[in-house]
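K.L.:
Provided below are the primary sequence and the corresponding predicted coordinates.
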Amino acid sequence: MPPEQPLVQVRNLYKSFSRGSETIDVLQDLNLDVGHAEFLALMGPSGSGKTTLLNLIAGLDQPTSGTIIVGDQVISEMSESELARWRTRHVGFVFQFYYLLPVLTAYENVELPLLLLPLSRQQRRKQVETALDLVGLSNRMHHRPGQLSGGQQQRVGIARAIVTDPELIVADEPTGDLDTRSAHEILTLLETLRAQLGKTIIMVTHDPKAAARAQRVLHLEKGQLVLDTAASPLLTAEA
Ligand SMILES: Nc1ncnc2c1ncn2[C@@H]1O[C@H](COP(=O)(O)OP(=O)(O)OP(=O)(O)O)[C@@H](O)[C@H]1O
C-alpha cells in the first residue's frame, strides 16, 4: 500500500505584503509536509513570518503564489467565502490571548463555532459537553472567563477549537501568556489531543521548552523552513 499522504502539503509557497511603495517578501519558496496526528512546532525570530505561515495553512489568508493542500482540498485555490466555509469544519484555532467573549459562559463560548453549522440544540449540547469534558472543565461550564484562571481560559479556548472535531489545530503562542505550570498543563493537553484523538497540531512558539514538547521543530529562516538542528538527537548527543 502506498504511504498515507500528509495532512498538510505546502509547495513553493510565496507570500509578500506591500506597505506603501515597499514590498516585504515574507515567505519564499517554502515547502512543508505535516503528517496526520503530528505535533509540529514553528519557531523563528519576531517578524520572520510564523503567524503568516500559520494563517495561510489555516485558510485565514491567501498566498501570493504556491500550493497549499489540506486533506483532500487545495485550499490555495479557494475563494474567500469557500475558505471561510472550509475553516469552520476543518480547523480549530487556539490563540495566545484566548479571545473568549467575556459576557458569555464557558459553555456559550465553546458553542460559538457550532452555531455556524446545521446542528440541533441537542447535538450542539452533546458536542460542547464532550469538548469541555476533554479539557477537564465540565465543572466550570457556567463560569464566565473573568471567573477563570488564565490556564482555565486557555482550556476553554482549546475546547472551542476542538468542538467541531477538526483534523487540524493551529495554535499561535498558546502558552505565551501563561505561568510555567499552566503552560505545562496546556502542552500536555495538546499532546493528549494528538495521541488520543489523532489531531494534527501546528504550534507557533518563541519558547524552546514549549517547542521541545512537539515531535518536530522547524525554524523559519529567510522565508524558508529549516530543521531545528539544536534539537536534533544526532547533534545533541551527550559528550
Ligand atoms: N497584513 C499584513 N500587512 C503588511 N505586512 C504584514 C501583514 N502581516 C504581516 N506582515 C509583515 O510580515 C512579516 C512577518 O509577520 P508575522 O506576524 O508573520 O511574523 P512572526 O514571525 O509571526 O512574528 P512574531 O514572532 O513577532 O509574532 C512582518 O514584517 C510583518 O510586519
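P.N.:
Arrived safely, thanks for sending.
K.L.:
give me the distance between residue 55 and residue 136.
P.N.:
29 Å (CB to CB, to the nearest Å). The way it works is simple: take the backbone N, C-alpha and C, and place the C-beta from them, glycine included.
K.L.:
again, but for residue 65
P.N.:
The span separating residue 65 from residue 136 equals 43 Å under the rule CB to CB.
K.L.:
could you tell me which residues of the chain lie near the ligand?
P.N.:
Counting by CB under 6 Å from any ligand atom, the residues of the chain close to the ligand are 17, 19, 24, 26, 44, 46-52.
K.L.:
swap the cut-off to 5 Å and go again
P.N.:
Within reach of the ligand by CB under 5 Å from any ligand atom, the chain has these residues: 17, 26, 46-52.
K.L.:
so which of those belong to strands?
P.N.:
Mapping the residues of the chain next to the ligand onto strands (DSSP state E) picks out 17, 26.
K.L.:
any of the residues of the chain next to the ligand buried? List them.
P.N.:
26, 48-52 (16 or more other CB atoms under 10 Å).
K.L.:
of the residues you listed, which belong to helices?
P.N.:
Among these, DSSP state H puts 50-52 in helices.
K.L.:
these two touch, right, residue 145 and residue 103?
P.N.:
No: with contact defined as CB atoms under 8 Å, residue 145 does not count as touching residue 103 (9.1 Å).
K.L.:
which residues of this structure score low on pLDDT?
P.N.:
Along the chain, the parts satisfying pLDDT under 70 run over 1-3, 229-239.
K.L.:
residues in contact with residue 227?
P.N.:
By CB atoms under 8 Å, 6 or more residues apart in numbering, the contact list for residue 227 reads 216-219.
K.L.:
any of the residues you listed buried? List them.
P.N.:
Of these, these count as buried by 16+ other CB under 10 Å: 217-219.
K.L.:
same list (those residues) but as CSV, adding distance to residue 61 and secondary structure.
P.N.:
Converted to CSV, the buried ones among the contacts of residue 227 look like this (distance: CB to CB, whole Å; DSSP: H, G, I helix; E, B strand; the rest coil):
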residue, distance to residue 61, secondary structure
217, 23, strand
218, 19, strand
219, 21, strand
